[in-house]
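Novice: need a 3D model of the sequence below.
(chains A and B)
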Amino acid sequence: MAIQLLNGVVYGGLLYLLAVGLVLIFGLREVVNFAHGALFMLGSYVGYTLAASGQWWLGLLVSVVFMAAVGCVLDALVFRSLRKHDHIVTVLITFGLLLILETVVTVTWGKAYLSYPVPKLLAGTVEIAGSPFPIYRLFIIAVSLLVAAGLAAWLRFTRMGLYVRAASTNAHVTSIQGIDVDRLSLVVVGLGTALAGLSGVVAGPLLTLSPTMGNYILIDSFIVVVIGGLGSFGGAFIAALLIGQIHNLGAIYLPWAATMLPFLLMIGILIWRPTGFAGSRT
Amino acid sequence: MTSAVDKAALAKRPVMPRTARILGFAALALALGVAMPWLVSSKLTLSLTTQAIVDALLATSVGFLVLQNGRVSFGQAAFFGLGGYAFGVLVARQLVAPEVAFLLALALPTLVAFLLGLVFARIAGVAHAMLTLAVGQAFYEIAFRWRELAKGDDGMSFELPQRIFGFASSSLQDPAVMVVVAWSALVLALAGLALFVNSRIGQIAAAVRDNEERARFIGHDTAIPPAIVYAIAAFLAALAGLLQATYNGYIAPQMFHWSLSGTALIMAVVGGAQFIVGPAIGAVCFFFLKDFAGRFAEFWPAIVGTVLVAVTLLMPQGMVGLAFRLWAARRSKP
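Specialist: Okay, here's the model as predicted:
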């Protein structure tokens, strides 16, 4: 049982890394980023090229840096001009980006499924409650908790974090106060996509790589964001852990309904509270 | 779409054609459709045209929700799949007479959409897109997992019964016949939508879309008319699914998948979701562009993505909107 709960935390942690990127980007730019799953996938592939040749940690670093750069470019070229548009327009545009990114990856790496190596340092298992548990999965939990704690501290205690929270509440008023929201969002969108890259590489050894690998986890992270409340960091954390558990326990105890449970939960919560647990917007 | 775009579109929307003009156009289009098998001899072209018309019906369904309810759905394939599956499963198991299966395949999705619409119409924007996405994927998961229903992921081929509504059903898999059936369905659907938009219920639905509170304030029921729009849209999607299932004699979970819903939405937006015929035109153009771009199949999704980004940013009213604007500009010249 302990093992199953831990597995749920592993998946919840991965979902959190993606969902918090969505929340960051939505907060600053009011963009509902359908391309986030594709960014996750791109990050995974970028890391793969180095990881396959034994340089797993370098792959992680390169992927994070590369995806941060991609995020900055996206923000400057695409998201900035979307500010005036309705949320739904941003959905369509980022859906278009998703198709473009999938094609880029298909052309570069091919359609075949690739499997990702586990770094040597983290291979093997430890005994937890009498059963073996892969060290690598503990690493995933540690990474997501570190990111969550670091992000919470950054948002809570630094001046820039204060600006981010202010701009997420109301970008217009924040810019009137003399804060350069465009520069701020360059950092925030870069951070959000860098987290997508990070989770892509970290999730790599658990999943098989394919150009469509981002779609499934994207939908789950959307569910997390919507359940937690659009634009809420804490809500996303709670919701990610919840969906992680439902995903895993469902697969064990209700296998025929497992993949539907998150959808049903989201439908129920949206009908009950269209803004989600902690959200104040739709 | 955006409220700003909505208002611009409303201000610029051409004068609604009268009932007689709608019926006249429809009769003309129907005659053209009946003549199609004689005008075009290539079976392949006819078959492709049939597929394009099925896409057009689905895109019309998505577009009509945008037009009349102002709601963007990422799950309209749910009703497409439901129509196809209801027919395929009932016929394959011979549970009911094929005629009854045919009618049930249209009635069931319509009813489901009406009931869902009563709730969904209250939810706007991104939450609505996510909600419909979730409903569509829930249906997909059922079709995917439930192997006993229709062989799950593999999809299921089924034999059509000998006769349906007194016609030899093998003719329904002949492109020369099916193209006329599908075309007539599309023309009647578009004419029906044009009539509905002008009807009392259609007008109330539009009023609710523009401002629900005011519509309620002047004494209209604001729950039923939008739900009827959902039902009509689902009916069209189910019709498309039914036609595809009949024509191919095959159903598969991909009929429910959100990528199909997304594609239909793209076609609707590119064609111009502010117009009744926009989505259908977008879908047909897309279909033949895709066929034409067959050599670049590998790059096709990127082409679609680029077109989508360009259209959404540069011509928010789509191809039909652009055509109207060009036409108006020409007319205003001396």
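Novice: doesn't A:Val126 belong to a helix?
Specialist: No: read with DSSP: H, G, I helix; E, B strand; the rest coil, A:Val126 is strand and lies in no helix.
Novice: what's the spacing between it and chain B?
Specialist: Using CB to the nearest CB, to the nearest Å, we find A:Val126 at a distance of 34 Å from chain B. C-beta: built from backbone N, CA, C; applies to glycine.
Novice: who's in contact with that residue?
Specialist: A:Pro132, A:Phe133, A:Ile135, A:Leu138 (CB atoms under 8 Å, 6 or more residues apart in numbering or on different chains).
Novice: from those residues, which is closest to B:Val100?
Specialist: A:Phe133 (55.2 Å; CB to CB).
Novice: that closest one: neighbour count?
Specialist: A:Phe133: 17 surrounding residues under other CB atoms under 10 Å in any protein chain shown.
Novice: thought A:Gln4 was touching it, still the case?
Specialist: No: the pair A:Phe133 / A:Gln4 is not scored as a contact, 10.6 Å apart, by CB atoms under 8 Å.
Novice: now do the SS call for B:Gly219.
Specialist: coil.
Novice: still on that earlier bit, among the contacts of A:Val126, name the buried ones.
Specialist: Neighbour counting by 16 or more other CB atoms under 10 Å in any protein chain shown classes A:Phe133, A:Leu138 among those as buried.
Novice: narrow the contacts of A:Val126 to those in helices?
Specialist: The helices, defined by DSSP state H, take in A:Ile135, A:Leu138 from these.
Novice: what ranges do the helices span in the stretch 51-200 of chain A?
Specialist: Secondary structure of the stretch 51-200 of chain A by DSSP state H, counting those that start in this stretch: the helices cover A:56-77, A:87-109, A:135-157, A:159-169, A:171-176, A:181-203.
Novice: for the residue in chain A sticking out farthest from the centre, give its distance to B:Gly75.
Specialist: The C-alpha centroid of chain A is most remote from A:Gly130, which lies 32.1 Å away (CA atoms, centre = their mean). As judged by CB to CB, to the nearest Å, A:Gly130 and B:Gly75 stand 44 Å apart.
Novice: same thing with A:Val105?
Specialist: Using CB to CB, which is the criterion applied here, A:Val105 is 26 Å from B:Gly75.
Novice: between these two, who's got more neighbours?
Specialist: B:Gly75 (30 against 23).
Novice: which of the three states applies to the more buried one?
Specialist: coil.
Novice: B:Arg147 versus the closest residue to it other than its chain neighbours, what's the distance?
Specialist: Computed as CB to CB, 6 or more residues apart in numbering or on different chains, the closest residue to B:Gly75 that is not its neighbour in sequence is B:Gly136, at 2.8 Å. Distance of B:Gly136 to B:Arg147, computed by CB to CB: 20 Å.
Novice: compare neighbour counts for these two and give me the winner.
Specialist: B:Gly136 (26 against 10).
Novice: send me the helix or strand that one falls within as CSV with only the CA atoms.
Specialist: Element membership of B:Gly136, judged by DSSP states H and E, is helix B:125-145. Taking C-alpha atoms only, helix B:125-145 is exported to CSV below (Å, rounded to 0.1, in the frame of the first residue of the first chain):
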residue,chain,number,x,y,z
GLY,B,125,-14.7,30.2,-21.8
VAL,B,126,-11.7,28.0,-21.1
ALA,B,127,-13.6,26.0,-18.5
HIS,B,128,-16.1,25.0,-21.2
ALA,B,129,-13.4,24.0,-23.5
MET,B,130,-11.8,21.8,-20.8
LEU,B,131,-15.2,20.4,-19.8
THR,B,132,-16.1,19.3,-23.3
LEU,B,133,-12.6,18.0,-23.8
ALA,B,134,-13.1,15.8,-20.7
VAL,B,135,-16.5,14.6,-21.7
GLY,B,136,-15.2,13.6,-25.2
GLN,B,137,-12.2,11.8,-23.7
ALA,B,138,-14.4,10.0,-21.2
PHE,B,139,-16.4,8.6,-24.2
TYR,B,140,-13.1,7.8,-26.0
GLU,B,141,-11.8,5.9,-22.9
ILE,B,142,-15.1,3.8,-22.8
ALA,B,143,-14.8,2.9,-26.5
PHE,B,144,-11.1,2.2,-26.0
ARG,B,145,-11.3,0.0,-22.9
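Novice: next SSE downstream of that helix?
Specialist: Assigned by DSSP H and E, the successor of helix B:125-145 is helix B:147-150.
Novice: now for the following helix or strand past that next one, which elements pack on it?
Specialist: Next in sequence after helix B:147-150, counting helices and strands by DSSP H and E, comes strand B:156-157. With contacts defined as 3 or more CB pairs under 8 Å, 6 or more residues apart in numbering or on different chains; DSSP states H and E, the packing partners of strand B:156-157 are helix B:77-93, strand B:250-251.
Novice: just the pLDDT at A:Arg281, thanks.
Specialist: pLDDT recorded at A:Arg281 is 53.
Novice: before we move on, back to that, what's the closest of the contacts of A:Val126 to chain B?
Specialist: Proximity of the contacts of A:Val126 to chain B (CB to the nearest CB) peaks at A:Phe133, which lies at 28.3 Å.
Novice: residues touching that closest one, list them.
Specialist: A:Ile3, A:Leu6, A:Thr125, A:Val126, A:Glu127.
Novice: ok, 7 Å please
Specialist: A:Ile3, A:Leu6, A:Thr125, A:Val126 (CB atoms under 7 Å, 6 or more residues apart in numbering or on different chains).
Novice: dihedrals phi and psi, the residue farthest from the centre of chain A?
Specialist: phi 90, psi 0 (degrees, to the nearest 10).
Novice: show me what the helix or strand hosting A:Met266 is packed against.
Specialist: Assigned by DSSP H and E, A:Met266 falls within helix A:261-272. The elements that helix A:261-272 packs onto, with contact taken as 3 or more CB pairs under 7 Å, 6 or more residues apart in numbering or on different chains; DSSP states H and E, are helix A:213-228, helix A:233-253, helix B:125-145.
Novice: mind listing what's buried in it?
Specialist: For helix A:261-272, by 16+ other CB under 10 Å, it's A:Leu261, A:Pro262, A:Phe263, A:Leu265, A:Met266, A:Ile267, A:Ile269, A:Leu270.
Novice: so the first one touches A:Ala251, yeah?
Specialist: So the one you mean is A:Leu261. No: with contact defined as CB atoms under 7 Å, A:Leu261 does not count as touching A:Ala251 (9.4 Å).
Novice: centre of the chain to the helix or strand B:Ala234 falls within, how far?
Specialist: Per DSSP H and E: B:Ala234 is located in helix B:224-248. Taking CA atoms, centre = their mean, to the nearest Å, one finds helix B:224-248 lying 7 Å from the centre of the chain it belongs to.
Novice: around chain A, pick out the residues from the stretch 151-300 of chain B.
Specialist: B:Gly262, B:Val269, B:Glu298, B:Phe299 (CB under 7 Å from any CB of the partner chain).
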